[in-house]
Structure formats: structure tokens, C-alpha cells
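Engineer: Here is a sequence with its predicted model. Questions after.
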Amino acid sequence: MTKFWHIILSGSILLALTACGSTKKATERFAYVEEPVEILYRSGTESLERRRYADALAYFAEVERQHPYSAWARRSMLMTAYTQYLTNDFDGSLASIERFVAIHPGNKDAGYAYYLRAMCHYERIRDVGRDQKITRDARDALIDVIRRYPDTEYARDAQLKLDLTNDHLAGKEMDIGRYYLRRNQHVAALGRFNNVLTQYQTTGHTEEALHRTVEAYLELGLVGEAQRHAAILGYNYPDSVWYQDTFRVFRRNGQKLLDQQETNKLLADEDVELTPQERLERAGNVGDIDDAPAALPPRSNDDITPDLPGAPPSR
């Protein structure tokens, strides 16, 4: 067994020395032999096509080192950034892009640089359960592409990805809003649902946001606000399953609240017009008016137990 591992170890060392020798040979070739820029650049692109990314990066770096003021050097900066993007080295790619934009802000390929920067952020978008800073960075970068280059293919593709990014951010707001709603933190939940309705109203989460808003307002006893949002949902999405759920929730809970509020209003209106004798009778102290105290203590709503009608059956 010891002999076996000795052979393996010797082979590993040999491979490492061979690799080091190969790297050293390539470095020496680049260090002392100046090659035409076209050959270096073509070697880099061929290595890239063969997915030999390390070789491609080395060739593009040599183009910049040996021919720093050529048009090929500017193109090699972008090819370096693109190669790093393909290898998921997004931070390295972003650094290369920022260097290109800083040195060549007005170059005709600057649009591609801004688009590639947006893609570096976009490819790192995480699920809605994680922090969404990268998603917001992707949104800002995509908007920058659309603003700077509105009539290009970059802008058209950025618009499609921006819609998906906004949908992702809206999903995060809904996830947090549902969390608060399950814990009866209705005001906090309403804040999240309102963000969806005001900032991401064109996404696919708008219908559920309206439905959850109705639920939250009903839990708070704000029937008028619940009715208003239910009407908005019904007007804009009459065939939505969320509207059907809203209709059932409102019939089950909203009508009870409406009946309760209407009854309380009627009782309050009647109470204003009662005579002192009728007030005593309503309070349960039927007797001669002369025996009544000069002032009655204030009564709470618990003193009144009206016979409320039940909610209509759910469909």
C-alpha cells in the first residue's frame, strides 16, 4: 500500500512540474517574443471557442500588454470581461468592464460593456428567500442600458430581463407581506402589499396583492377600504382566481362586519332620540322617572346585545 501511494505521489509531482514547465514556457514566450496583434487576438478567440478560458485570458492580456494603444487592445478588454463572465467570475468581469468604461467611455462598443455589466448582476439573482441587493443592482443596471441605448438590441433584451427582475422583487415583497399577515401584523403586511401595487403593478403579483390587502383590511375591521380594493380587483381581473377568493372571503367576513357596523349606527342614532325614561328602560332599569338618578353613568357597547343577522351562506 505504501508503494502504491508513493507511485501516486510521484506521478502527481511529475504532473505539477510538467504544468509549471508548460506555464513557464508560455510566460517566457510572451515575455520575450513580440507577436503581431492579429495573431495574438485570433489565438485568444480560438481558445475561447474551444473553451480554453485560461489560455484565452492570457492571449487577450498579451494583446493589451504588447499593443496597448491599438483597437485590438480595446476589444481585448471586452473579450477579457466576456471570458470572465463565461467562467462565472462576475466580480472580475465587472472590474474589467469598469476599467473599459473609464478608459473608453465614448467607444462604439460601450453599449455592449453596459449590457455585459447588467448581465453580471442579472446572472447572480437569488431566490426570493434571500437578500435582494443583487436583484436591485441588476434592475438599476438594466435600466441604465435602456436609458443610454434605447434603440439597440441591448435595450430590447434588457427590457425583457427588467420585467423578470421586477417580478422577482415583487415576489420578495409578497413573501414578506404574507409572513406578516400570518402573524397578524396587518399594518406591516399592508405596507408590503402596497409596495407591489405602487411599484410593481405590471407584474403577475398584483392580483394576489389586492386579495391579500382585502384580507388585511377585513381583519382590521376597515370594511370600506376592503370594499374599494375588492372592486379594483374585480374591475381589472374579473376572471381571476384571486377575485373569486376575494368574493368568498368578503361574503364570509365582510358582510358580518357591514351588518355589525350598520346595527351599531342604527342603535347610536336611536339612542340620541331616546327620552330619559326610554334610556332607563334600554339600560334595564324600568321605573318611575322621578326615581331615576340625576345623571346616568356612561354605558359601554357591552350593555347592548342586539340580535344580529347571520352572514349569507358561502357559495
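Structural biologist: Here it is on my side, so go on.

Engineer: contacts for stretch 164-180?
Structural biologist: 122, 125, 128-129, 132, 135-136, 138-139, 142, 186, 188-193, 195-196, 199-200, 202-206, 208-209, 212 (C-beta atoms under 8 Å, 6 or more residues apart in numbering). C-beta: built from backbone N, CA, C; applies to glycine.

Engineer: Mind giving me the PyMOL command for buried ones among the residues you listed?
Structural biologist: Restricted to buried positions by 16 or more other C-beta atoms under 10 Å, the PyMOL selection for those reads:
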select buried, resi 122+125+128+132+135+138+139+142+186+189+190+192+193+195+196+200+203+205+206+208+209+212
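
Engineer: Helices - which of the contacts of stretch 164-180 land there?
Structural biologist: Per DSSP state H, helices hold the following members of those: 122, 135-136, 138-139, 142, 186, 188-193, 195-196, 199, 206, 208-209, 212.

Engineer: okay, the helix or strand hosting residue 114 in CSV with CA atoms only?
Structural biologist: In this structure, residue 114 sits in helix 110-122 according to DSSP states H and E. Output in CSV follows, covering the C-alpha atoms of helix 110-122 (Å, rounded to 0.1, in the frame of the first residue of the first chain):
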residue,chain,number,x,y,z
ALA,A,110,-19.6,50.9,-24.7
GLY,A,111,-23.2,49.7,-25.2
TYR,A,112,-22.0,46.1,-25.0
ALA,A,113,-20.0,46.9,-21.9
TYR,A,114,-23.0,48.3,-20.1
TYR,A,115,-25.1,45.4,-21.2
LEU,A,116,-22.5,42.9,-20.0
ARG,A,117,-22.3,44.7,-16.7
ALA,A,118,-26.1,44.3,-16.3
MET,A,119,-25.8,40.6,-17.2
CYS,A,120,-23.2,40.0,-14.5
HIS,A,121,-25.7,41.3,-11.9
TYR,A,122,-28.6,39.5,-13.5
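
Engineer: Quick one: list the elements packing against it.
Structural biologist: helix 71-86, helix 90-103, helix 133-148, helix 153-182 (3 or more C-beta pairs under 8 Å, 6 or more residues apart in numbering; DSSP states H and E).

Engineer: What distance do you get for residue 56 to residue 45?
Structural biologist: Residue 56 sits 7 Å away from residue 45, taking C-beta to C-beta, to the nearest Å as the criterion.

Engineer: give me every residue that touches residue 98.
Structural biologist: Residue 98 neighbours (C-beta under 8 Å, 6+ apart): residue 117.

Engineer: Repeat that for the one 3 residues further on.
Structural biologist: Contacts of residue 101 were listed using C-beta under 8 Å, 6+ apart, and they are 110, 113-114.

Engineer: Residue 202 too?
Structural biologist: 163, 166.

Engineer: Need phi/psi at it.
Structural biologist: phi -90, psi 0 (degrees, to the nearest 10).

Engineer: distance of it from residue 133?
Structural biologist: Taken as C-beta to C-beta, the span from residue 202 to residue 133 is 22 Å.

Engineer: what does the helix holding residue 114 rub up against?
Structural biologist: 78, 81-82, 85, 90, 93-94, 97-98, 100-101, 104, 107, 134, 137-138, 141-142, 144-145, 148-149, 152, 154, 157-158, 161, 165.

Engineer: same thing but 6 Å
Structural biologist: 81, 90, 93-94, 97, 100-101, 137-138, 141-142, 145, 149, 152, 154, 161 (C-beta atoms under 6 Å, 6 or more residues apart in numbering).
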